[in-house]
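S.K.: sequence first, then the predicted structure, then my questions.
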Amino acid sequence: MWDKRVVENIDEFVGEYSVGCLFKNFEDGFVWAFTGVYGPNLDCERRLLWDELASMASWWEVPWCIGGDFNVTRFPSERSGEGRQTLAMREFSEIIYELELMDVPLMGGDYTWSSNQAWSRLDRFLISPSWEEHYPDLSQKRLSRICSDHFPIVLDCGGIPGGRRPFKFENIWLKHEGFVELVGQWWSSYHLQGNPSNALAGKLKVLKKDLKLWNEQIFGDVTLRKKNLFQELQSLEGGGDESNRKGQVVADLERVILMEEISWRQKSRALWLREGDRCTKFFHRIANSHRRFNTIESLNVDGNALTDQAEIRNQVAGHFKHLLSEPHDWRPTLDGLAFEHIDQSSMVWLERPFEEEEVHIVIKKMNRDKARGPDGFTMAFFQKCWAMVRDDVMQVFQEFFIYGKFEKSLNVTFIALVPKKRVL
């Protein structure tokens, strides 16, 4: 049933419709529970299964994973031909909510059972938030079936596939003492030749390299720093030490916890919560949900399923390159069409040079945690470091005003400066 080289079975729980095991990982000592389920067909008996799961949750109170054939669906969309929400569906969703479980999205298909005439999603994995915290990159996949009327499903905890990691400006860096001044020193040392847009693009590129190196050598891993500070605090408290060092450790720990929260808030893009709300676990779950949602593990191209990430990237890039290739053999004729005109004063106002104040106002009004532009820099960077980058940015605006174009690579920078909503 389990690989004894990987986990140790500590305890067991056998019910009428479920079997639970308490495991301990040999590799990292992680203690968790797994429950295998085979649900009954009758609604009255299914309530006994819900009682079993509730008992198991209170019995062990550890990170928990449940999987199996529940013999019930959650939503009408999970059953072919079903157009209404049944009582059994509502009760299934209610027990998931009451036990604070998470329903992992299914990849590879919508249904897990078929009689060739009817289709349903009867099988699934459910996990607790604490289990997901330990395996943040998990995914649930449907595999091919051979002889059964059920499709096998696998819960993969190995990680979400991806290519080379692009540069991402972390807003927590702005909380590091002396960071803004350090960026200012770096920026003033960059001397690049060429037109303003070329120079700005070059400076941002060099700054990325300096930030990556600084992050590796100086700033470090926030989670590891928090762990080390906790250990030092426990050591000081265990020894009855009430020295100044303990106060410093507590202050450092509070600062690092805030940094961790900022980092996960930025990743989650939950913009309606404020910095300091202490919702790190919530941000963590939202960020992991975004990652799973944005992951393309398989792509169907002309009937062939591609799973290799390099092939998927090439196919996606080729598709949009073809889609966005503009044909030049035909243009619509607009002769004779009447368009409304603005008055002369409005025309002069629209064609005036860009002003520093209006550019700065737009930057200040944009949310600092908005998703990064393609160049990896957030609005928080431009807001906090505006005094350093201001002259270079305004020179690019002036260049665009005069010539109507700028360095192609800066499209990925200034696309983030375009507000996505109209300001009323």
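M.R.: Cool, got the structure. Residues are numbered from 1 along each chain as shown.

S.K.: would you agree Glu297 is in contact with Thr307?
M.R.: Yes. The pair Glu297 / Thr307 is scored as a contact, 6.7 Å apart, by Cβ atoms under 8 Å. For every residue, glycine as well, the C-beta is placed using N, CA and C.

S.K.: the two: which has the busier surroundings?
M.R.: More neighbours surround Glu297 than the other of Glu297 and Thr307, with 16 against 11 (other Cβ atoms under 10 Å).

S.K.: now do the same for the more buried one: helix, strand or coil?
M.R.: coil (DSSP: H, G, I helix; E, B strand; the rest coil).

S.K.: got a pLDDT number for the nearest residue to it once chain neighbours are set aside?
M.R.: Leaving aside its sequence neighbours, Glu297 sits nearest to Met107 (Cβ to Cβ, 6 or more residues apart in numbering; 5.7 Å). Among the per-residue scores, Met107 shows a pLDDT of 83.

S.K.: bridging residues for Met107?
M.R.: Beta bridges link Met107 to Lys141 when assigned by DSSP bridges.

S.K.: start at 4 instead
M.R.: Will do, 4 is the new start, and the previous item becomes Met110.

S.K.: now do the contacts for it.
M.R.: Contact analysis of Met110 by Cβ atoms under 8 Å, 6 or more residues apart in numbering lists 142-145, 300-301.

S.K.: pipe those into CSV and attach distance to Asp126 per row.
M.R.: Output for the contacts of Met110, formatted as CSV (distance: Cβ to Cβ, whole Å):
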residue, distance to Asp126
Ser142, 15
Gln143, 10
Lys144, 12
Arg145, 9
Glu300, 19
Ser301, 19
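
S.K.: would CSV of the residues you listed with pLDDT and distance to Asp72 be doable?
M.R.: Shown next, in CSV, are the contacts of Met110 (pLDDT from 0 to 100; distance: Cβ to Cβ, whole Å):
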residue, pLDDT, distance to Asp72
Ser142, 82, 20
Gln143, 86, 14
Lys144, 86, 17
Arg145, 87, 13
Glu300, 72, 24
Ser301, 76, 24
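
S.K.: now the two most distant members of those.
M.R.: Of all pairs drawn from these, the greatest distance, 13.3 Å, lies between Gln143 and Ser301 (Cβ to Cβ).

S.K.: out of the two, which sits in the more crowded spot?
M.R.: The neighbour comparison of Gln143 against Ser301 (other Cβ under 10 Å) goes to Gln143, with 21 against 12.

S.K.: among the contacts of Met110, which one lies nearest to Gly84?
M.R.: For the contacts of Met110, the nearest to Gly84 is Arg145 (20.0 Å; Cβ to Cβ).

S.K.: for burial, what's the neighbour tally of the closest one?
M.R.: The tally of other residues near Arg145 (other Cβ under 10 Å) stands at 18.

S.K.: is Gly205 located within a helix, as I assumed?
M.R.: Yes. Counting by three-state DSSP, Gly205 falls inside a helix.

S.K.: ignoring the adjacent residues along the chain, who's closest to it?
M.R.: Gly205's closest residue in space is Leu195 (Cβ to Cβ, 6+ apart), at 4.2 Å.

S.K.: one more: Cys388?
M.R.: Here the residue nearest Cys388, using Cβ to Cβ, 6+ apart, is Val186, at 5.5 Å.

S.K.: so which bits of the strand or helix carrying the one you found are buried?
M.R.: Assigned by DSSP states H and E, Val186 falls within helix 182-192. Using 16 or more other Cβ atoms under 10 Å as the burial criterion, the residues of helix 182-192 that qualify are 182, 185-186, 189-190.

S.K.: could you list every helix and strand in contact with that helix?
M.R.: Applying 3 or more Cβ pairs under 8 Å, 6 or more residues apart in numbering; DSSP states H and E, one finds that helix 182-192 contacts helix 199-217, helix 389-406.

S.K.: and the shortest one, how far out from the chain middle?
M.R.: Relative to the chain's own centre, helix 389-406 is displaced by 32 Å; criterion: Cα atoms, centre = their mean, to the nearest Å.

S.K.: then that helix to CSV, C-alphas only?
M.R.: The C-alpha trace of helix 389-406 is given here as CSV (Å, rounded to 0.1, in the frame of the first residue of the first chain):
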residue,chain,number,x,y,z
TRP,A,389,11.4,57.9,-8.9
ALA,A,390,14.0,60.5,-7.8
MET,A,391,16.8,58.3,-9.4
VAL,A,392,15.1,57.2,-12.6
ARG,A,393,13.0,60.4,-13.2
ASP,A,394,15.4,62.2,-15.5
ASP,A,395,16.0,59.1,-17.7
VAL,A,396,12.3,58.3,-17.9
MET,A,397,11.3,61.9,-18.8
GLN,A,398,14.0,62.0,-21.5
VAL,A,399,12.4,58.9,-23.1
PHE,A,400,9.0,60.6,-23.0
GLN,A,401,10.6,63.7,-24.7
GLU,A,402,12.2,61.4,-27.3
PHE,A,403,8.8,59.8,-28.0
PHE,A,404,7.1,63.2,-28.3
ILE,A,405,9.6,64.4,-30.9
TYR,A,406,10.2,61.3,-33.0
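
S.K.: report the mean per-residue pLDDT for it.
M.R.: Helix 389-406 carries an average pLDDT of 90.

S.K.: for that helix, give me every contacting residue.
M.R.: For helix 389-406, using Cβ under 8 Å, 6+ apart, the contacting residues are 186-187, 190-191, 198-200, 202-203, 206, 356-357, 359, 362-363, 366, 385, 409-410, 413, 417.

S.K.: helices of the protein, start to end?
M.R.: Using DSSP state H, the helices of the chain run over 46-63, 90-101, 132-137, 182-192, 199-217, 225-241, 247-271, 283-297, 312-326, 347-353, 359-368, 382-387, 389-406, 414-417.

S.K.: which of those helices is buried the deepest?
M.R.: helix 382-387 (a mean of 21; mean count of other Cβ atoms under 10 Å).

S.K.: and that helix, what other elements does it pack with?
M.R.: Using 3+ Cβ pairs under 8 Å, 6+ apart, helix 382-387 sits against helix 359-368.
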